[in-house]
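Engineer: the following comprises the amino acid sequence and a computationally predicted model.
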Amino acid sequence: MKKIITFTIILMTLTACSVFQVQKTESAGTEVLPNMPNPAAVDCEIGKQLVIQTAADGSQSIECVDPDGSGGYMPPESTEEIANWWGVIKSTGVGAQYDDYFERQDLGQNYISFGIDSMDPAVQAQIVSLRDTGRIVHLYGTLFSNMPDYNGSQILVERIEVEG
C-alpha cells in the first residue's frame, strides 16, 4: 500500500511540474486566420472590384465598384436608378416568402438576383405574365437596398421592354 501512495505522490508531483506550452495570439480582432476572406470582399457583388480609398487624414475605406468605376456598395436604405438591366423574371418556390425575383444576366456568367415589383398595375401584370417564361427583359426603374424582398433588395420597375 505504501508503494501505491508513494507512486501516486510522485506522479502528482511530476504532473504539477510539467511545462505547458501556451500558444501566443495577438489581441482580439487583429489575428489573421488562414483562408479567411476579406469581410469587405464577401459583400462585394460578383463582377465588381474592391477599391481602397485613402482620405487626407490617412484613414482608409473600401468601396465595391464596377470595373469602369461606376456604381458601388449601397448602404442600407439607399436607392439607385437603373436603366437597361437585362435578365429574366423567375418565381420563387411554393411557400416562399416572396413571389418572384429578377435574375440580372448582363454581367456575364455571374447572375445577381433582386426582388421585383411595380406601382403601375399594368407593369405588375406584365411581371406576373413574364415569370418563368425564360424571355429576356430589360428593366428601367429604381433599385432599393435593405428591403423586405428577395435577397434584401427590390427593383421598383417603371418600364419593362421584352426582347423578341
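Structural biologist: Received, thanks.
Engineer: can we go C-alpha only for contacts and neighbour counts from here?
Structural biologist: Fine.
Engineer: shaky segments in this structure?
Structural biologist: Along the chain, segments meeting pLDDT under 70 span 11, 14-53, 62-76.
Engineer: again, only using 50
Structural biologist: Along the chain, segments meeting pLDDT under 50 span 22, 69-70.
Engineer: per-domain residue ranges of it.
Structural biologist: The chain breaks down by automatic domain parsing into domains covering 37-73, 74-162.
Engineer: what's the most buried one of those?
Structural biologist: domain 74-162 (a mean of 16; mean count of other C-alpha atoms under 10 Å).
Engineer: in what helix or strand does residue 9 lie?
Structural biologist: For residue 9, the host element (DSSP states H and E) is helix 2-17.
Engineer: as a markdown table, the domains of the chain with distance to residue 8 would be great.
Structural biologist: As requested, the domains of the chain are arranged in a markdown table below (distance: least, C-alpha to C-alpha, whole Å):
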| stretch | distance to residue 8 |
| --- | --- |
| domain 37-73 | 50 |
| domain 74-162 | 63 |
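Engineer: closest to residue 2 out of these?
Structural biologist: For residue 2, the closest of the domains of the chain is domain 37-73, at 60.1 Å, according to C-alpha to C-alpha.
Engineer: give me the contact list for the longest strand along the chain.
Structural biologist: As assigned by DSSP state E, the longest strand anywhere in the chain is strand 79-91. Under the criterion C-alpha atoms under 8 Å, 6 or more residues apart in numbering, residues 99-106, 127, 130-145 lie in contact with strand 79-91.
Engineer: stretch 145-158 now?
Structural biologist: 74-79, 98, 100-101, 113-120, 123, 139-144.
Engineer: in strands only, show me these.
Structural biologist: Using DSSP E, the subset of the contacts of stretch 145-158 located in strands is 79, 100-101, 113-117, 139-144.
Engineer: farthest-apart pair in those, please.
Structural biologist: Among those, 79 and 100 lie farthest apart (C-alpha to C-alpha), at 20.1 Å.
Engineer: please, which helix or strand holds residue 125?
Structural biologist: Using DSSP H and E, residue 125 maps to helix 121-130.
Engineer: for that helix, C-alpha coordinates in CSV please.
Structural biologist: Extracted in CSV, the C-alpha atoms of helix 121-130 (Å, rounded to 0.1, in the frame of the first residue of the first chain):
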residue,chain,number,x,y,z
PRO,A,121,-50.8,47.8,-62.3
ALA,A,122,-50.0,47.3,-66.0
VAL,A,123,-46.3,46.6,-65.2
GLN,A,124,-47.4,44.4,-62.3
ALA,A,125,-49.4,42.3,-64.7
GLN,A,126,-46.5,42.2,-67.1
ILE,A,127,-44.2,40.9,-64.3
VAL,A,128,-46.6,38.1,-63.5
SER,A,129,-47.1,37.1,-67.1
LEU,A,130,-43.3,37.0,-67.7
